[in-house]
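Q: Below: sequence and its predicted model.
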Amino acid sequence: GGGGDRERAGGDLSPASPVGDAASGPGGSAMGDSHPAVRARLLWLRASAAVFVLYLHGSGSLMLVAVCVGLWAVGKRRDARLTWAAALLALTVNELGTEWLRWGSLVPPLAFLDSLPLLGGGEYAWHSAFNLVLLRVISFNQDYAEAWRHAHAHSTGVVGGDGLVVVDERNCPAWSYEWRVRQPQPLRRFSLANYLAYLFYVPLVIAGPTLPFNAFASQAYTPAPVDWPFVRRYAARWLAALLLLEATTSYFPLFSFANTTHLYSTFTPFEVGVAGYWALNCIWLKFLVLWRLFRLAALADGVEVVENMNRCMTNSVSLEGFWRSWHRSFNRWLIRYIYIPMGGSRARGVPQWAPRAVKEWGTTSSVGRAVVPVVRHVASIFTVFTFVALWHEMNAKLLAWGWLFGLAFVPEVLANRSLRSGILSKQRRKWWFLYLRAAGVMTNIMALVIINLVGFSVGLAGMSRMLGQVWSAGGGGGLVGHAMFYYSLSIVLITVRDLERAGGRDVKT
């Protein structure tokens, strides 16, 4: 888009003024879908996607495209349940039975397609990239179903001559990134050619960030001018992050022993805590360098996408804020396609499929009316984290990681609801409330370190050994020392957030 640095940096994606008007487009000139410039742009996107996917996966790209076309056909039924069932089945087969997904296994006469000499084997196996492609498949199918409902139900909004439903521009300025995400596209844009161009869009196909189809199609057909001064500054920032990563991994080789848990037995309690903390920070920096490189390529191509990791991992005062800033684009995908459809934090009432006794209790009892929204909120959170864990990899370590995050969210959900309901809001001005907040932030930071090391480094057994070592060596003094460090850090973080809020900055992350 044509927004300023704040929008491009991945902060508030709804700038104060729109970059254009809804009638003329972000550049101030109207171009229809058949305009020569638009057709040339689409031809480039489709051709580059085809060439790049063949380069990445060689002969395997044929099976990948076949699976994706099958899922596209499922999406044409416009049934969310069918889309999700097919997607989860494909995810499971890809994870547990990749030997089945070969032409020789499925259609023996076509076994020659598994190893065409002309295409070769590619850079890496196609099933290694399938999980990220699947997010785009679900996005396309769900956005198509939404666009079809809007196009055939005029009562849901004002429908323009091009089939687009007008989004309320008071909260979402025209042609901002968020406006492009929410604005349903004309049905003619949900073609198979656009679908494949979206799935294999070159700058984002390897690792993201995740881009909804609505935003991709809007920017493909109605692009905004590239902000080259910002792109150059962004490239300089990326280079600085890369140099920092190189220096950090050269002098602190944490990745070399992060998965070798027996080395931790040689560390002192202090060294165990420092190593675990820095390992997580190095993981953060590694992903930051990767995601910003691919986002830089997309920005140079004129495609706006959400900035992942818009805050340092340490600079998180809540679990919700951590997820809003870590894999920011994936978090928005989860909210749009799982969390909100399940009810999320605004869920009210008992679902229709619940037993009659539960419905009666949830509607007639005051306790039931208070408990049901909380239970639905927590259920939404656990569903999201179960999907996230299984999406990463179907193993016990990551499933434990997802469920531990779900459990850690429960106290935060209850505390936030207490603040909104007035139970604790009256205590905000008390002198001790700052220290109570700091205790909560300290607990969140320690939970982030422990849970992420469980999921992406040492596992449950390794974490149990690490905590046991710290406890036995100092009689709990090591854990208390680390807790006091995080508590002091929490005071600083809360003060920074309060200053940001006073200055009018978005402090949701």
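A: Perfect, thanks for sending it. Note that the structure is a prediction, hence the values are computed from the model and not measured.
Q: Next up, the contacts around Gly302.
A: Gln219, Pro223, Ala224, Pro225, Val226 (CB atoms under 8 Å, 6 or more residues apart in numbering). The C-beta positions use only the backbone N, C-alpha and C, and glycine is treated the same way.
Q: Kindly state the pLDDT recorded for it?
A: On pLDDT, Gly302 comes in at 92.
Q: can I assume it sits in a strand?
A: No: assessed with DSSP: H, G, I helix; E, B strand; the rest coil, Gly302 is coil; it does not lie in a strand.
Q: Can you give me the distance of it to Ala224?
A: Distance, Gly302 to Ala224, by CB to CB, to the nearest Å: 7 Å.
Q: before we move on, what about Asn131?
A: Relative to Ala224, and taking CB to CB, Asn131 is found at 30 Å.
Q: Could you do Cys68 as well?
A: Taking CB to CB as the measure, Cys68 falls 28 Å from Ala224.
Q: cool, Ala111 as well?
A: With CB to CB as the criterion, Ala111 and Ala224 are 47 Å apart.
Q: Those two: who's more crowded?
A: Ala224 (21 against 13; other CB atoms under 10 Å).
Q: quick one: the more buried one is in a strand?
A: No: counting by three-state DSSP, Ala224 falls outside a strand, being coil.
Q: excluding its backbone neighbours, what's nearest the most centrally placed residue in the chain?
A: By CA atoms, centre = their mean, the chain has its centre lying nearest to Phe330, at 1.0 Å. Residue nearest to Phe330 in three dimensions, not counting chain neighbours: Thr210, with 5.2 Å by CB to CB, 6 or more residues apart in numbering.
Q: Look at the one you found and tell me its secondary structure.
A: At Thr210, secondary structure determined by three-state DSSP is coil.
Q: Run a quick check on it versus Val137, I expect a contact.
A: No: here Thr210 does not reach Val137: they are 11.9 Å apart, not a contact under CB atoms under 8 Å.
Q: between those two, who's got more neighbours?
A: Higher neighbour count among Thr210 and Val137: Val137, with 25 against 21, using other CB under 10 Å.
Q: Quick one, grab the pLDDT at the more buried one.
A: We have a pLDDT of 97 for Val137.
Q: That one: what's it in contact with?
A: Cys68, Leu71, Trp72, Gly75, Ala87, Leu199.
Q: repeat that with 7 Å
A: Each residue near Val137 by CB atoms under 7 Å, 6 or more residues apart in numbering is listed here: Cys68, Leu71, Ala87, Leu199.
Q: Ala40: which of these is nearest?
A: Lowest distance from Ala40 to the contacts of Val137 (CB to CB) belongs to Leu199, with 20.8 Å.
Q: how about stretch 333-340: buried residues?
A: Residues Trp333, Leu334, Ile335, Arg336, Tyr337, Ile338, Tyr339 are the ones in stretch 333-340 that count as buried (16 or more other CB atoms under 10 Å).
Q: Same question for stretch 226-239.
A: Asp227, Phe230, Val231, Tyr234, Trp238.
Q: The last one: which element?
A: Translated: Trp238. Using DSSP states H and E, Trp238 sits in helix 228-251.
Q: Which element is encountered next along the chain beyond that helix?
A: Using DSSP H and E, the first helix or strand after helix 228-251 is helix 254-257.
Q: elements contacting that next one?
A: helix 269-300 (3 or more CB pairs under 7 Å, 6 or more residues apart in numbering; DSSP states H and E).
Q: Now whatever helix or strand comes next after the helix it packs on: average pLDDT?
A: Downstream of helix 269-300, the next assigned helix or strand under DSSP H and E is helix 319-325. Average pLDDT, helix 319-325: 85.
Q: 372 is where my numbering starts, stick with that
A: Noted, 372 is the first residue going forward, which turns the last one into helix 690-696.
Q: Mind giving me the packing neighbours of helix 690-696?
A: Partner elements for helix 690-696 (3+ CB pairs under 7 Å, 6+ apart): helix 767-792.
Q: so how far is the helix it packs on off the chain centroid?
A: 17 Å (CA atoms, centre = their mean, to the nearest Å).
Q: swap in stretch 701-719?
A: How far stretch 701-719 lies from its chain's middle: 12 Å, per CA atoms, centre = their mean.
Q: Return that stretch as CSV; C-alpha atoms alone will do.
A: C-alpha atoms of stretch 701-719 as CSV (Å, rounded to 0.1, in the frame of the first residue of the first chain):
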residue,chain,number,x,y,z
PHE,A,701,-0.1,-16.1,11.2
ASN,A,702,-1.8,-14.8,14.3
ARG,A,703,-4.1,-12.7,12.2
TRP,A,704,-4.8,-15.7,9.9
LEU,A,705,-5.8,-17.7,13.0
ILE,A,706,-8.0,-14.9,14.3
ARG,A,707,-9.8,-14.5,10.9
TYR,A,708,-10.3,-18.1,10.0
ILE,A,709,-10.6,-20.0,13.4
TYR,A,710,-10.8,-17.8,16.4
ILE,A,711,-13.6,-15.4,15.3
PRO,A,712,-15.7,-18.1,13.6
MET,A,713,-15.7,-20.1,16.9
GLY,A,714,-16.9,-17.0,18.8
GLY,A,715,-13.6,-15.9,20.3
SER,A,716,-13.6,-13.4,23.2
ARG,A,717,-17.1,-12.1,22.2
ALA,A,718,-18.8,-15.5,22.3
ARG,A,719,-22.2,-15.3,24.0
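Q: still on that earlier bit, contact partners of the helix holding Trp609?
A: By CB under 7 Å, 6+ apart, helix 599-622 touches 376, 379, 626, 653, 656-657, 659-660, 663-664, 667, 670-671.
Q: Buried ones among those?
A: Taking 16+ other CB under 10 Å as the criterion, what is buried in the contacts of helix 599-622 is Arg379, Cys653, Leu656, Leu659, Val660, Arg663, Leu664, Leu667, Leu670.
Q: Using TSV, lay out the residues you listed together with distance to Asn679 and pLDDT.
A: Below are these laid out as TSV (distance: CB to CB, whole Å; pLDDT from 0 to 100):
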residue	distance to Asn679	pLDDT
Arg379	13	40
Cys653	16	86
Leu656	12	91
Leu659	7	94
Val660	11	95
Arg663	8	95
Leu664	11	96
Leu667	12	96
Leu670	13	95
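Q: mind giving me JSON lines with these and columns for distance to Arg876?
A: Formatted as JSON lines, the buried ones among the contacts of helix 599-622 follow (distance: CB to CB, whole Å):
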{"residue": "Arg379", "distance to Arg876": "16"}
{"residue": "Cys653", "distance to Arg876": "28"}
{"residue": "Leu656", "distance to Arg876": "24"}
{"residue": "Leu659", "distance to Arg876": "21"}
{"residue": "Val660", "distance to Arg876": "25"}
{"residue": "Arg663", "distance to Arg876": "21"}
{"residue": "Leu664", "distance to Arg876": "27"}
{"residue": "Leu667", "distance to Arg876": "24"}
{"residue": "Leu670", "distance to Arg876": "22"}
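Q: wait, which of the residues you listed is closest to Ala411?
A: Proximity of the buried ones among the contacts of helix 599-622 to Ala411 was ranked by CB to CB; the top entry is Leu670 with 20.1 Å.
Q: Could you report the distance from the closest residue to that closest one other than its chain neighbours to Glu675?
A: Excluding its sequence neighbours, the residue lying closest to Leu670 (CB to CB, 6+ apart) is Val602, at 5.3 Å. Applying CB to CB, the value for Val602 to Glu675 is 11 Å.
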